[in-house]
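Undergrad: Based on what follows, work out the 3D shape:
(chains A and B)
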Amino acid sequence: MKDYIRNSIIAVLNELGYPVKDFVIDEPKDSSFGDLSANIALVISKELKKNPREVAGNILEKLLFDESKISKSDIAGPGFLNFFVSDDFYRNELINILSNENYGKMNKNSGKTANLEWVSANPTGPLHAGHGRQVCLGKAIANLLEWTGFEVTREYYYNDAGNQMNNLAKSIKARYEQIMNPDYPFPEDGYVGEYIKEIAEKIFSDYNDKYRNSDDLGFFKSAGEQENFGKIKATLKSFGIQHDVFFNETSLYKDGNIDKLKTIFKNKNLSYEKDGATWLKMNEKKFDKDKVIVKATGEPTYRLPDMAYHIDKILRGYNLIVDIFGSDHFDTYKEVLYGVQSAGFNTDNIKVIIHQMVTFKKGNESVKMSKRSDNVYYLDDLIKDVGIDATQFFFIMRAANTHLDFDIELAKDQSDKNPVYYLQYAHARICGILRNAEENFSNINSMNVNELDTSLLINQSEINLLKTLSKFPFEVEDSAKSLEPHKLIVFLNSVAESFHKFYHNNRVLDNENPKLSFARLLICNAVKRVLKNGFCIIGINAPERM
RNA sequence: GUGCCCGUAGCUCAGCCGGAUAGAGCGUCAGCCUUCUAAGCUGAAUGUCGGUGGUUCGAAUCCACCCGGGCAUGCCA
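TA: Predicted structure coming up:
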């Protein structure tokens, strides 16, 4: 519809000899200004040295619209052109929605591939509540991409060769030794969580004292990795998340990719030796100093494998590569992309989502989640406390780029205070009506779609509801384009609101008016479909009863 | 110190590719259940859009500076 109006306006601009400039067609805040509004007259009036209202008038005079699409257009305010979309257009959209089970899904990007890398927590312990934001964001974003046609690879990258994993191994070993010798020292910066003790106990029960005083840290490392990954994957599974690829750092060494990259930097004269370490030259404008890529010990820092990993993803040929990181990785990702670019690779297809930190409130007490402390609030705990849907919803209801206050009491609340229920309740309510139709109004329920008479849908709450529903595909597209699932939640809220109003004002099932009842029943079906599809994207369930 | 993010109603936040009277939920106050789920609907009150300048016909939105909060600034990842 926007395109239709835009093209009509451009045609008139050419006809009048007016300059064709970029202009905006948007929904006005106030619906009395129509459904869509164009600011073209304001944009070009200065160049024409004419009053914007006069310019608008000249354009409007020449504009011709199909009446089944635009019922009215006028000039308002400083010179906006306002357009009123005809009700018939929205009534026809009802049939459109009903004819397509995947209404909202588009093939705009079909044939294209996308790679989404997220979670990517190293297997040093179970996921904590703070990881949840990334977990849930990624889940929704992957869905969004798929709904616009991308073939999506869900990927998890982890460092299994660095210090953090060595630390894990030492921590497990210490706990294992402590079973036999309580005085055995625990590493100063070791992982203190209970889960370390559990892993140690498991090793002890499987092998007894076989590894006592053993220097085989590799054994403890792989035991820890296996146990922790088991927990991480189980947590992800409770969200219905399954990554297609688990990419580990070690494979980059085996394939020689790390060495290759080192050579590239060396040959391009981008790296140098200092204090026994290898440094990568950084652009002085963007970075305050050069960065170490190989430590004096000979081990690469996390940067080098991260760069090699991104190069690997680029070479796999995706049309879009998306990374999700917490804001604490803001600097690293810039360094990594810089390294990839200076090695000669194009990073234009890489989009990085940075999400801000989350603070949890449980009543008045704020919940800490440091891995180094013993008092950790795990993601599993959060799910247990508030439920899977509330967890998913709360984590993505706000823009990623803003700090999130997660109110556990509110999320846990099984009442109207909880925003999740507002949406789900609309769906459950519709299901109630559909059940009622099936059980008690079979005459209406069994009518055929070609008996639908949309002209009976005349009142405002009906038309408004249809109007809202018809925006769904655009909302999906918009949300996907900016990789911002919270936008879809804002929209779904407007659907639920529109439906609740409709419900309040109109009795759906009524034997006195079977034709009208049937039309309204089909509206209910359409709302149900939009809600269900929307829920599917944002990753929450569509309950039949509540 | 430097870089980035954030600052909008009592609280949590939308809006931010400049546009018409700044929105939602919660909380507060006043109404609505003999009818398909009241986890709902209707109405009321609530604002120096952190501050000061600038650009513009027009700024919550863009620019500069300042203030407040967060994150980063590791040969941890």
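Undergrad: okay, now the domains of chain A?
TA: Domain assignment for chain A by automatic domain parsing gives A:2-85, A:91-105+A:417-538, A:163-230.
Undergrad: start to end distance for the second one?
TA: Domain A:91-105+A:417-538 has an end-to-end distance of 27 Å (Cα to Cα, to the nearest Å).
Undergrad: Likewise for the last one?
TA: Terminal residues of domain A:163-230 lie 21 Å apart, using Cα to Cα.
Undergrad: Also stretch A:109-119?
TA: Stretch A:109-119: ends 25 Å apart by Cα to Cα.
Undergrad: starting at the chain centroid, how far to that stretch?
TA: In terms of Cα atoms, centre = their mean, to the nearest Å, the centre of stretch A:109-119 is found 12 Å from the chain centre.
Undergrad: With stretch A:477-489 instead?
TA: 7 Å.
Undergrad: got it, and stretch A:255-264?
TA: With Cα atoms, centre = their mean, you get 34 Å for stretch A:255-264.
Undergrad: nearest spatial neighbour of the residue nearest the centre of chain A, skipping sequence neighbours?
TA: Centroid-nearest residue in chain A, with Cα atoms, centre = their mean: residue A:141, separated by 3.1 Å. Distances taken as Cβ to Cβ, 6 or more residues apart in numbering put residue A:483 closest to residue A:141, at 5.4 Å, once the chain neighbours are dropped. Bear in mind the C-beta positions are built from the backbone N, C-alpha and C, glycine included.
Undergrad: check contacts around the one you found.
TA: Residues counted as contacts of residue A:483 (Cβ atoms under 8 Å, 6 or more residues apart in numbering) are A:141, A:144, A:322, A:351, A:353.
Undergrad: can you do 7 Å?
TA: A:141, A:322, A:351, A:353 (Cβ atoms under 7 Å, 6 or more residues apart in numbering).
Undergrad: What is the burial count for residue A:19?
TA: 12 (other Cβ atoms under 10 Å).
Undergrad: now residue A:546
TA: Close neighbours of residue A:546, defined as other Cβ under 10 Å, add up to 12.
Undergrad: Ok, residue A:205 next?
TA: 9.
Undergrad: so where's the stretch 301-450 of chain A shaky on pLDDT?
TA: Applying pLDDT under 70 to the stretch 301-450 of chain A flags the ranges A:363-365, A:368-374.
Undergrad: can you list the residues of it near RNA strand B?
TA: Within the stretch 301-450 of chain A, the residues that sit near RNA strand B (Cβ under 7 Å from any atom of the strand) are A:301-302, A:327-332, A:354, A:356-357, A:397-399, A:401-405, A:407, A:414-419, A:421-422, A:425, A:428-429, A:431-433, A:435-436.
Undergrad: Can you tell me how far the closest residue to residue A:248 other than its chain neighbours is from residue A:485?
TA: Once flanking residues are discounted, residue A:248 sits nearest to residue A:160: 4.9 Å by Cβ to Cβ, 6+ apart. To residue A:485, residue A:160 is 30 Å away according to Cβ to Cβ, to the nearest Å.
Undergrad: So those two - more neighbours on which side?
TA: When neighbours are counted by other Cβ under 10 Å, residue A:160 and residue A:485 differ, and residue A:485 comes out ahead with 26 against 18.
Undergrad: from what I can see that one touches residue A:141, true?
TA: Yes: counting by Cβ atoms under 7 Å, residue A:485 touches residue A:141, with 6.3 Å between them.
Undergrad: Between those two, which contacts overlap?
TA: Residues touching both residue A:485 and residue A:141 (Cβ under 7 Å, 6+ apart): none.
Undergrad: So which residues make contact with the helix or strand that contains residue A:37?
TA: Assigned by DSSP states H and E, residue A:37 belongs to strand A:36-38. Outside strand A:36-38, the residues within contact range by Cβ under 7 Å, 6+ apart are A:1-2, A:5, A:9, A:23, A:25-28, A:80-83, A:85.
Undergrad: Now do the closest residue to residue A:475 other than its chain neighbours, the pLDDT please.
TA: Using Cβ to Cβ, 6+ apart and skipping the chain neighbours, the partner closest in space to residue A:475 is residue A:491 (4.3 Å). Note on residue A:491: pLDDT of 95.
Undergrad: What backbone torsions are found at residue A:491?
TA: phi -70, psi -50 (degrees, to the nearest 10).
Undergrad: Tally up the residues packed near it, please.
TA: Using other Cβ under 10 Å, the number of residues around residue A:491 comes to 20.
Undergrad: What of the one 4 residues further on?
TA: A total of 22 residues lie near residue A:495 under the criterion other Cβ under 10 Å.
Undergrad: How about the contacts made by it?
TA: Counting by Cβ under 7 Å, 6+ apart, residue A:495 makes contact with A:468-469, A:527, A:530-531.
Undergrad: Quick check: closest non-adjacent residue to residue A:124.
TA: Nearest non-adjacent residue to residue A:124 (Cβ to Cβ, 6+ apart): residue A:168, at 4.6 Å.
Undergrad: Which of the three states applies to residue A:360?
TA: strand (DSSP: H, G, I helix; E, B strand; the rest coil).
Undergrad: Could you count how many residues lie near it?
TA: 21.
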